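curious how this folds, go ahead:
(one chain, ligands or ions: 1)
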Amino acid sequence: MLSPSPPRAALGDRALFSSLAFDAYLNHAGISPPSRAVVAAVAETLEDYAARGFAAWPTHNERRARLRERLAAMIGAASANDVGFTTNTTSGVMDIALCFPWKSGDAVVLFEGEFPANVTPWQRAAETFGLELRFVSLEGFHRSHEEGLAALDVALADGRARLVAVSAVQFQTGLRMPIAAIAKRAHQAGAQCFVDAVQACGAVPVDVREGPVDYLACGSHKWLMGTEGAGFLYVHPSRIAQLVPRVAGWLSHEEPVRFLLEGAGHLRYDRPVRAQTNFIEGGNVPTPSFAALDASLALIEQLSVPTIFEHVQRYLDALEPALIDRGFRSVRSAFSEGRSGSLCVLAPEGVAIEPLHRAIVRERVACAMPDGHLRFSPHWPNSVDEVPAVLAAIDRAMGRA
Ligand SMILES: Cc1ncc(COP(=O)(O)O)c(C=O)c1O
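Residues are numbered from 1 along each chain as shown. Alright, predicted model coming up:
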């Protein structure tokens, strides 16, 4: 059965990651390795289904109800009813792209350089509903929020924009976006604000009350340190009634399982679709992935997201100047509100990024290479004490590459 209490997490202690095959794992912005607690939760869930089959479902459904409350608390949502489960960030973006009450000629404002998960569904919606996509440059946001927001204002000026979609943290540069200010500007122009929070939740504080944010989608395999296959979507309660439930499935209705549990006469197709965010849960969800998220969130809660954020900043504060000394160019924000869990740098003049990245990974330092940047993304188990070893590995890699 399920473990009564989770193991303890400690900043800088990777004891719960005993199978990790890297000396330093700095790719939490890509995919987090699951902790022993996560592995155990997945195994226990499957064992429970192996033993009990259908009878295990209520146990895990109840566990997910608690998880929904904890996710709501993490992002500052007023109620667990404002949170629906998805299978990844993209499916949350698609839910809103399909269900938004579009009118032909509406405009959607996006940002240049966004991860495609926060572009493709809007492109599909543009084609399906006759929308115009407008891209705003991120350049100004790198210099100051005021400059970036001024560029956004231009895109909102004619009043035709209905939605602004933005990542809370940019995947390529680690730039943290002023989502509350973006939401406010959107509202002033008669638009709404959608946030892709997968590069933030778990390591960067996020609060949907500020703005307020209208929609937020997130997956769990990055900074939430779960596995692939589980995500969530937040919808502000004032926005639910206007959504068109184009993604509804059999579990989206009121009392959807009565016909399976209460005898004859309950099979109906006219039950209303639930007027809360979980209408997006049209069918069964990947239970082991949600058990994974539950277990990893328990560890993150023990430490708290603001504490993790500070811990990660201390790590990056040690790494960044040493990389600059070696000729790398850091694109980390100069101001603290623009910083996230990722430190992204460009390779020194004349050094090709791809062989360098390969050489660093071969030195047992996991990092990523999003569109030509080297990205280092530590999390709570990384200790700042490992930074000298990371730098030594990079020096060896530079020698080889
Ligand atoms: C900003 C951003 N959004 C979305 C994704 C992908 O989301 P998912 O695979 O959870 O749909 C990524 C990275 O994989 C990302 O960096």
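
and the pLDDT at residue 1?
Note on residue 1: pLDDT of 48.

same question but for residue 400, I mixed them up
Residue 400 is given a pLDDT of 85.

quick one: residues contacting it.
Contacts for residue 400 were tallied using C-beta atoms under 8 Å, 6 or more residues apart in numbering; they are residue 359. (Each C-beta comes from the backbone N, C-alpha and C, glycine too.)

what do you get if the cut-off is 10 Å, keeping everything else the same?
Residue 400 makes contact with 355, 356, 358, 359, 360, 362, 363, according to C-beta atoms under 10 Å, 6 or more residues apart in numbering.

then residue 71?
Going by C-beta under 10 Å, 6+ apart, residue 71 touches 64, 77, 80, 82-85, 201, 218, 220, 224, 231-232, 234, 293-294, 297.

neighbours around residue 232, how many?
Using other C-beta atoms under 10 Å, the number of residues around residue 232 comes to 32.

mind telling me what element it is part of?
strand 231-235 (DSSP states H and E).

returning to what we had before: who wins for most neighbours among the contacts of residue 400?
residue 360 (25 neighbours).

and that residue, helix, strand or coil?
Under DSSP: H, G, I helix; E, B strand; the rest coil, residue 360 falls in the helix class.

how close does the nearest residue to it once chain neighbours are set aside sit to the ligand?
Nearest non-adjacent residue to residue 360, counting by C-beta to C-beta, 6 or more residues apart in numbering: residue 397, 4.4 Å away. Noted for residue 397: a distance of 24 Å to the ligand, by C-beta to the nearest ligand atom, to the nearest Å.

for residue 206, same thing?
The value you get for residue 206 to the ligand, if C-beta to the nearest ligand atom is used, is 13 Å.

buried ones in stretch 39-51?
By neighbour count on 16 or more other C-beta atoms under 10 Å, the buried set for stretch 39-51 is 39, 40, 41, 42, 44, 45, 48, 49.

my bad, stretch 289-303
Applying 16+ other C-beta under 10 Å to stretch 289-303 flags 289, 290, 291, 292, 293, 294, 295, 296, 297, 298, 299, 300 as buried.

report how many residues lie close to residue 335.
Neighbours around residue 335, by other C-beta under 10 Å: 11.

got the contact list for the residue lying closest to it once chain neighbours are set aside?
Nearest residue to residue 335 in three dimensions, chain neighbours excluded: residue 144, at 7.7 Å (C-beta to C-beta, 6+ apart). For residue 144, the contact set (C-beta under 10 Å, 6+ apart) comprises 150, 178, 334, 335, 338.

distance to residue 161, secondary structure and pLDDT added to those, as a markdown table?
Shown next, in a markdown table, are these (distance: C-beta to C-beta, whole Å; DSSP: H, G, I helix; E, B strand; the rest coil; pLDDT from 0 to 100):
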| residue | distance to residue 161 | secondary structure | pLDDT |
| --- | --- | --- | --- |
| 150 | 15 | helix | 98 |
| 178 | 17 | coil | 98 |
| 334 | 29 | coil | 94 |
| 335 | 27 | coil | 95 |
| 338 | 24 | helix | 97 |
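
may I see the buried residues of whichever strand or helix holds residue 315?
Using DSSP H and E, residue 315 falls within helix 305-325. For helix 305-325, the neighbour count (16+ other C-beta under 10 Å) marks 305, 308, 309, 311, 312, 313, 315, 316, 318, 319, 320, 323 as buried.

stretch 199-214 now?
Buried, per 16+ other C-beta under 10 Å, within stretch 199-214: 199, 200, 201, 202, 203, 204, 206, 208, 211, 212, 213, 214.

compute the distance between whichever residue of the stretch 151-300 of the chain sits closest to the ligand and residue 38, please.
Of all residues in the stretch 151-300 of the chain, residue 219 sits closest to the ligand, at 2.9 Å by C-beta to the nearest ligand atom. Relative to residue 38, residue 219 is positioned 15 Å away (C-beta to C-beta, to the nearest Å).

so stretch 172-182, near the ligand or not?
No: Stretch 172-182 does not reach the ligand (C-beta under 6 Å from any ligand atom); its nearest approach is 8.4 Å.

swap in stretch 338-358?
No: applying C-beta under 6 Å from any ligand atom, one finds stretch 338-358 separated from the ligand by no less than 9.5 Å.

phi, psi of residue 188?
Taking degrees, to the nearest 10, you get phi -60, psi -30 for the backbone angles of residue 188.
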